[in-house]
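K.L.:
predicted coordinates and the sequence they were generated for:
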2 protein chains.
Amino acid sequence: MKKSKKRSDCPISCSLDIWGDKWSLLIVRDLMFFQKSTYGDFLRSSEKIATNILASRLQSLEDNGIIERSEHPDSKAKVLYRLTKKGIDLLPIFVEIHLWAEKYFPLPAEFEATIKEAKKDKDLYIRSRKR
Amino acid sequence: MKKSKKRSDCPISCSLDIWGDKWSLLIVRDLMFFQKSTYGDFLRSSEKIATNILASRLQSLEDNGIIERSEHPDSKAKVLYRLTKKGIDLLPIFVEIHLWAEKYFPLPAEFEATIKEAKKDKDLYIRSRKR
DNA sequence: TTATTTACTTGCATTTTGCAAGTGCACATG
DNA sequence: CATGTGCACTTGCAAAATGCAAGTAAATAA
C-alpha cells in the first residue's frame, strides 16, 4: 500500500515525501480550514479529486500520522477524519503559503477571512477546532 | 510544453499547481540554501532527479517566474539559474517546513546551521545571496 | 422491504515518471 | 586545428501514478 521510500535525509525532502504531491495538502486544507471531515466532503471540494486517489491519499496521510480516522457521531456509515497534532502543526506552513500566494495571485475574497483568523491567534484557533 | 491548468481559485491549490510536486521545491532548495546554480549541480543532488524531469521542472519554474536563466560567468557552455524575487519569497515556507520536519523527524546536523542562519536574519540572508 | 447514502474498490485508458542512451555546442588539450 | 571532454539538454521506451467510470458492501432512511 505504501512505497514511500525516502529520497534523502534532507528535512525538506522527507517532508515532501509525505505530503509533497498535488493532493495531500488539499485534504489537510479542507480539514484545517473548511471543517470538512468525511470522505464525501473531500470528494465535493472544488478541485475534484478522483475517488481512488482520495482513498489512497487518506491512507497515506493516516500511515504518516497526519490524520486519523474515527467514528462519526451521526452515523456508523460515516467515517470522521481529523487532523492529528502532527497535522495541525502544518498550519504555519499553510499560513506562509497563503502569504506567498496573496502576494503573487489575485485572491478570491472567501479565503481572506479564514486565513486571517488563523493568523490572528493560532493557539486559540487550534483549540477551537475541538481537539 | 506547459499544461498546468489550475484546479481551483484557492490560493493553496494555485500554489501547489506551480510547485506542489515532488521535485520543484528541491530545486528551489538547492538554489536557496546550497548555492547550487547549474543543471549539473541539480543533477548531482542526493535525491538523484532524472535528467529529463529536471529539464521539465526548470522550464516550468521559469515559466512560472520562480527562477530565471542567465549567462554563467565562467563559460558559455554553462547556464546559471537563479531565484527571482518570487522564488526567494518562498523562503518563509521553507523555514516553516523545516521547523515542522525538525519536530517530527530526526535531522542530520548539516542542515541545522544553514536554516538557522536563514531564520536568524532573513533579509540579510537574502541580500547575501547577491541579488 | 426497498432505496439511498457513504466509503470505498476495481478495471482500464491516459499521463507522468524514471532510466539509459543519445545530441550538439563550447571549451580545453596536444 | 583536430580531438576529446564537459555541459545542458533530448529522445525512446518501460514502469508507475493518475484519472475516469462503474461496481460493491454496509448502514441508514423511506
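P.N.:
Yes, it's here. Numbers count the residues shown, from 1 in each chain, chains lettered A, B, ... in the order given.
K.L.:
number of nearby residues for the nearest residue to A:Thr114 once chain neighbours are set aside?
P.N.:
Once flanking residues are discounted, A:Thr114 sits nearest to A:Phe33: 5.0 Å by C-beta to C-beta, 6 or more residues apart in numbering or on different chains. Yep, even glycine has a C-beta here, placed from its N, CA and C like the rest. A count of neighbours around A:Phe33, defined by other C-beta atoms under 10 Å in any protein chain shown, yields 20.
K.L.:
A:Lys119 versus A:Phe33, what's the distance?
P.N.:
12 Å (C-beta to C-beta, to the nearest Å).
K.L.:
returning to that earlier point: report the contact partners of the residue nearest to A:Thr114.
P.N.:
Contacts for A:Phe33 (C-beta atoms under 8 Å, 6 or more residues apart in numbering or on different chains) come out as A:94, A:114-115, A:118.
K.L.:
give me the residue from chain A nearest DNA strand D.
P.N.:
The minimum distance from chain A to DNA strand D, using C-beta to the nearest atom of the strand, falls at A:Lys76 (2.9 Å).
K.L.:
tell me the confidence at that residue?
P.N.:
We have a pLDDT of 94 for A:Lys76.
K.L.:
backbone dihedrals for A:His83, please?
P.N.:
One thing to correct before we go on: residue A:83 is Leu, not His. Taking degrees, to the nearest 10, you get phi -70, psi 140 for the backbone angles of A:Leu83.
K.L.:
A:Arg82: which element?
P.N.:
Using DSSP states H and E, A:Arg82 sits in strand A:79-83.
K.L.:
which parts of that strand are buried?
P.N.:
Residues of strand A:79-83 classed as buried: A:81, A:83 (neighbour count, 16 or more other C-beta atoms under 10 Å in any protein chain shown).
K.L.:
close to DNA strand C, is that strand?
P.N.:
Yes. Residues of strand A:79-83 contacting DNA strand C under C-beta under 7 Å from any atom of the strand: A:Val79.
K.L.:
what mean pLDDT does that strand have?
P.N.:
On average, strand A:79-83 scores 98.
K.L.:
can you confirm the residue of chain A closest to DNA strand D is in a helix?
P.N.:
No. With DSSP: H, G, I helix; E, B strand; the rest coil as the criterion, A:Lys76 is coil rather than part of a helix.
K.L.:
how about A:Ser8, secondary structure?
P.N.:
From three-state DSSP, the assignment for A:Ser8 is coil.
K.L.:
contacts only, for it.
P.N.:
A:Ser8 makes contact with A:14, B:45-47, according to C-beta under 8 Å, 6+ apart.
K.L.:
before we move on, back to that, any idea how many residues pack against the residue of chain A closest to DNA strand D?
P.N.:
Using other C-beta under 10 Å, A:Lys76 is surrounded by 7 other residues.
K.L.:
tell me how far it lies from A:Leu31.
P.N.:
For A:Lys76, the distance to A:Leu31 equals 21 Å [C-beta to C-beta].
K.L.:
same question, A:Thr114
P.N.:
From A:Thr114 to A:Leu31 the distance is 13 Å (C-beta to C-beta).
K.L.:
re the thing from before, the contacts of A:Ser8 into CSV, with extra columns for secondary structure?
P.N.:
What follows is those, written out as CSV (three-state DSSP):
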residue, secondary structure
A:Cys14, helix
B:Ser45, coil
B:Ser46, coil
B:Glu47, coil
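K.L.:
okay if I get those residues as a markdown table plus pLDDT and distance to B:Gln59?
P.N.:
Shown next, in a markdown table, are the contacts of A:Ser8 (pLDDT from 0 to 100; distance: C-beta to C-beta, whole Å):
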| residue | pLDDT | distance to B:Gln59 |
| --- | --- | --- |
| A:Cys14 | 96 | 26 |
| B:Ser45 | 96 | 18 |
| B:Ser46 | 95 | 23 |
| B:Glu47 | 97 | 19 |
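K.L.:
much appreciated, bye for now.
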